Each structure stands twice: as structure tokens, then as C-alpha cells.
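1. Everything below, folded, please.
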Amino acid sequence: MALAPFFDKAALAASHILQSFNFETFSSLLNSHIVGVSFDDSAVSSPEGKITLELAVNLLARLYPRIDIITQGSKSQNFKSQMSQLALDINPNIEIGMNPSEVDVCLVVGDKKARTSGQNFYIGSTGWIVRVSSHEPVGSGVTNNPFGASAAACFGAANIFRMLFKDYLPFGEPDDSFVLSMLNYETEIDQLANPTFLPINIGETHLIGVGAIGNGAIWTLARTQLISGNLHLIDNECVELSNNQRYILTSTSSIGIPKVILAAEKLGSSQLQVFPHQQRWGEYLRDRENWYLPQVAVALDSAIDRCAVQASLPHWITNAWTQPIDLGISRHDFIGDQACLICLYLPENLQKGEDQVIAEAIGMPEALMEVRELLYFGKPVGQDFITRIATAQNIPAEPLMRFADQPLHHFYTNAVCGGIVLSLGGDYHNSSRAEVPMAFQSALAGIMLVAEVVAHAGGLKPAPQPATTKIDLLRPLGKYLNIPAQKHKSGFCICQDPDYISAYKKKYLNNTN
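-> Numbers count the residues shown, from 1 in each chain. Predicted coordinates:
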């Protein structure tokens, strides 16, 4: 059928969240359903509506092999060709139709009810506010604020996923209806923060990590001319095929491009001055020399990397994450009673090293010393070692032999974490050190991350918020999303160390920069 070239990675992501996962069943269910996107002239006449539509199609095309794009009106008909091309750029194999009677579940943007016979989810926004309803149109605003509009697409895509896979999710029922402010994360009508979106200068800001979450942040920033400032992008990697599963900046033409270069290109028409750095954070700091870091947004995968960012003592940090039980953001001032970034990631128990993680993931824990040596010297995996991995996983070796002349870390990232081992019948329970999120989860985390940067720089928060905000897209939206987090109870974190506190105060509180 029309499954994407990176479908193995999509299946791996689903395997972490769906109960009783089976690769063939998952593929069959996707191939047997058609998802739709329906919109009218009011949607394409609205800046917010067009943002919602563009991201909705972007997200759906990364998973579903069959999409119907349904229009109501002459303006919407003209926009349909753009959305069809967007879907094809992401998945060249995708099947695109426009028959409402065939659609099983549909996202609807605009003022009109959909003509489909399946389940409809109406999504829209008004500035900072997301609107979702399973009953009636919610419309789209006319502002240049991209945050509510982008987030609406993520909530819509999440509801389609839960609707189709509800039998494999413990709390998979769809949302009935809700409103949510992406500024203060309140859901009660009288508490929704929605100030007028005016030009904001974010000063000197660092975005560390331009992976899936970073893609969500950049995608959103690129859709407004009202944000200016100096944005540093730090990431040492290039785009690989498996990244297309959830990197919403990417298409089939993005493979091989450094992530920071791709992101900088996408921001080319914005008001931001963008500085791409194809480096790790430590390498960037070494070359920068000046460690005065006013505002840092963290979109990294590992706890140890996050702790390293906090140890460099930025003035203010916001951090985004995805995991099976939730996604979210955190806010950190270092001084005060709220948790710093390290407080959230201090290990409670002894953690496994990368060598042990990989040895277990490939099904060969007894080969720990060999794995350690391969990682240390960066030597090619070799055909013999791949044959042993295939035997341990009870899968054919031939499809993996193209990695024989690559280092073990490359094999692990692309064959194991990329979902190839899973697609061949391997054990998905040990297939990845970190849980692989779905595209709508990563995108929403990125939107939340950059919304926090803009809100902090512009002083937009109506009141101080707790350290964390958490959202679970695999169940209906909760009511209380803001959750306090105190400093680590052990007292061993650097934010409770007099020397680090003194260094922080000397750097910022006594600094005239």
C-alpha cells in the first residue's frame, strides 16, 4: 500500500504506547482506514486556520497512508493543491483522495460542518487559545499568533490516533470538547490568558537540540513576523530518513542536511537573526568563550545532556520533553525554591551506561565488552557481528548487512532505534534506550517550548506558574496541567550548592551586560 519510507520508525514509536502491539496488525489497521482533513473558505481566509491546516496535514502524512482532503468553497479548493503537495513531499507513496463518504475520521477547520459520515473533530484557535469539539465547528482566528493554531493541529491529530487505536490504549477515548490557553495552560473560560500578540524581541536565545521537539519550535517560529532577536541553534547531527517520522520541518529532500542548517533555512523569512552551530553544547561553549547565557531552550533527548546545560548556569531555562505518560515543559530560574533543571533529572538509582543499553537492545548482553570496544574505537560493526545480532533477535541478517561497514552507534541509531529490527520481527521491548514519540507529541512539546520563550521574553504571563506543565495526548485533556516541582529532596543538587549559587549571582545579579 502507501506506507511511508520511514514507516519502520513510526511502528517503533507506536509499539511503545499501544498495548498488545503487533507490527502486521498495526500496518493493516492503518491501511484499512482513511483519515480526512476538511476545510472551508473561512479557514483559508484566516491566518490561524491556514497554520492549523498546514500542520494537521503535515502530521497526518507522517503516519497515515491514505488521506482525503475535502474542501467547501472556491478558495479552499485552491488551497487543496498546496496541502496535497505537502503530503506528497513528506510521503511520496501516500494516497490522496477527496471523497467524504470514504472517510472514517476527519479533522475539520473552519465554520462549516463536515460532509463526512465518520467521526469529525472540529479544531481551531483564537490567538493563544486552542479550541476542540467533537460536535460543532469552532472557527479560526485572524491574528498572527501561531501558538493556539499550531497546538490545535496536534490535539486534532492526537484525537484521530486515539479514535483509530482506542482498543489498544487504556484511556483512548477522544476529547468531547475543550478550550485551552497555550500561555497559562488553564482550561476554564474565565481563566484563559489571551493577550494581544504584539512584536516581541526574544533577545539572545539558545535552542539546544534541533531534533523532533526543536523542529516543532522552529516550525512555529517560522509562522509569524512578530518575533525578533538573536537565535542560536545548537545541534551536531544531520537529518536521516528515520527522522522524517516526526521531524515536521523535514521532507524527502531533507535527508543528509545538518539539522541546524535546515532549521535556519526555514526561518529565512522571519525577523530573527539565526546563528546555526553544528556542534555539541560543550563544543559550542568552548568556542564561544563568553558563558553569559540570558535565555536557553532545551530540546535534548537525555538526562545527562540536560544536566550539562544546567551546569553551565544559564540565567533562565525552559525545557521540553516527551515520554509515554506525558509531554511537557519546565521553567527554571536556578535561584528560589522551585526545581532547577538538574533537580528534575537527578537519578534515583544507578543508571545503565550506553554500552550496556546497546548490548541489551541488540539482544546480546553477554557481548558487553565487545560492544564497549566497538563504541570506544568507532570500528565498523562487521558482517560477523551483524550475523550474531540477527541470530539473537531471530531475524534475517541480510537486510542489516548494509550497516556492516558502519560504526556500532550508527547501526544502533538507524537499525534498532530506526525500527528496522522491529519490522523484521525483532524484540521491540529492547529496541530503544529512549521512548520514541509520535509526531503529534513531539510537535506539541516544541510548540510549548517556544511559547514559553516568547512569553518569558515578553513578560506575558498573567501570574507566576509552577515549575512544570504536563499534557498527556493519549487520553482526554486533563483539567490541572500546571504542577509544582521543588528542589531535589537530597540537597545534593548544584542549585543547593553555595559555590554554584555564588557563581550564578556573580554572573547575572552583579553583571551589567
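
2. Let me see the ranges of the helices in the stretch 151-300 of the chain.
-> Applying DSSP state H, counting those that start in this stretch to the stretch 151-300 of the chain gives helices spanning 212-221, 259-266, 281-288.

3. Can you tell me which of those is packed in deepest?
-> helix 212-221 (a mean of 29; mean count of other CB atoms under 10 Å). For glycine as for every other residue, the C-beta is placed from the backbone atoms N, C-alpha and C.

4. Show me what that one is packed against.
-> Judged by 3 or more CB pairs under 8 Å, 6 or more residues apart in numbering; DSSP states H and E, the packing partners of helix 212-221 are helix 147-164, strand 200-208, strand 227-234, helix 259-266, strand 317-323, helix 439-458.

5. now for those, which one comes closest to R388?
-> Closest to R388 of those, according to CB to CB: strand 317-323, at 31.7 Å.

6. who does the closest one pair up with?
-> Next to strand 317-323 in the sheet, as set by DSSP bridges, lie strand 295-298 (parallel), strand 326-332 (antiparallel).

7. mean confidence for that strand?
-> Here strand 317-323 scores 96 as its mean pLDDT.

8. Tell me the buried residues in that strand?
-> If you call a residue buried by 16 or more other CB atoms under 10 Å, then strand 317-323 has these buried ones: 317-322.

9. How about residues contacting that strand?
-> Here strand 317-323 makes contact (CB atoms under 8 Å, 6 or more residues apart in numbering) with 212-213, 217, 296-299, 306, 309-310, 327-332, 334, 340-341, 344, 435, 437, 441-442, 445-446, 448-449, 452-453, 456.

10. Likewise for stretch 103-117?
-> For stretch 103-117, the external contacting residues (CB under 8 Å, 6+ apart) are 33-43, 49, 52-53, 56, 60, 68, 70, 72, 76, 100-101, 118-124, 136-137, 139-140, 153, 156-157, 160, 163-164.

11. Pull out the buried members of the residues you listed.
-> Applying 16+ other CB under 10 Å to the contacts of stretch 103-117 flags 33-43, 49, 52-53, 56, 60, 68, 70, 72, 76, 100, 118-124, 137, 139-140, 153, 156-157, 160, 163-164 as buried.

12. Among the residues you listed, which are located in strands?
-> The members of those that map onto strands under DSSP state E are 35-40, 68, 70, 72, 119-124.

13. what two of those residues are the furthest from one another?
-> D68 and G124 (19.7 Å).

14. Return the member of the buried residues of strand 317-323 nearest to E348.
-> E348 lies nearest to W321 out of these, by CB to CB, at 17.0 Å.

15. Next up, the contacts around S46.
-> 139-142.

16. what's the burial count for P324?
-> 13 (other CB atoms under 10 Å).

17. Give me the most central residue, the chain.
-> When CA atoms, centre = their mean is applied to the chain, the residue found nearest the centroid is S442 (1.6 Å).

18. Now the helices of the stretch 151-300 of the chain in a markdown table, please, with extra columns for mean pLDDT and distance to N93.
-> Shown next, in a markdown table, are the helices of the stretch 151-300 of the chain (pLDDT from 0 to 100; distance: least, CB to CB, whole Å):
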| stretch | mean pLDDT | distance to N93 |
| --- | --- | --- |
| helix 212-221 | 98 | 22 |
| helix 259-266 | 98 | 22 |
| helix 281-288 | 95 | 37 |
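
19. now for those, which one comes closest to H488?
-> Of all the helices of the stretch 151-300 of the chain, helix 281-288 sits nearest to H488, with 21.9 Å by CB to CB.

20. The closest one packs against which elements?
-> On a contact count with 3+ CB pairs under 8 Å, 6+ apart, helix 281-288 meets strand 227-234, helix 303-311.

21. With H206 as the reference, name the closest of the ones you listed.
-> Of all these, strand 227-234 sits nearest to H206, with 4.6 Å by CB to CB.

22. got the contact list for that closest one?
-> Contacts for strand 227-234 (CB under 8 Å, 6+ apart): 199-210, 214, 218, 221, 259-260, 263-264, 267, 270-277, 279-281, 284, 454, 457.

23. thinking again about what came up before, closest one to E398 out of the ones in strands among the buried ones among the contacts of stretch 103-117, please.
-> Of all these, V35 has the smallest distance to E398: 34.5 Å, by CB to CB.

24. my read: the closest one touches I67, true?
-> Yes - V35 is in contact with I67 according to CB atoms under 8 Å; the separation is 5.7 Å.

25. hey, what's in contact with both of those two?
-> In contact with both V35 and I67: L60, using CB under 8 Å, 6+ apart.

26. Look up which helix or strand Y504 falls in, please.
-> helix 498-504 (DSSP states H and E).

27. Can you list the low-confidence ranges for this protein?
-> The chain contains residues with pLDDT under 70 at 1, 349-351, 426-435, 511-513.

28. Near D89, how many other residues are there?
-> By other CB under 10 Å, the residues close to D89 number 16.

29. partners of the helix or strand containing C106 in the sheet?
-> Taking DSSP H and E as the definition, one finds C106 inside strand 105-109. Partners of strand 105-109 in the sheet, by DSSP bridges, are strand 35-40 (parallel), strand 119-126 (parallel).
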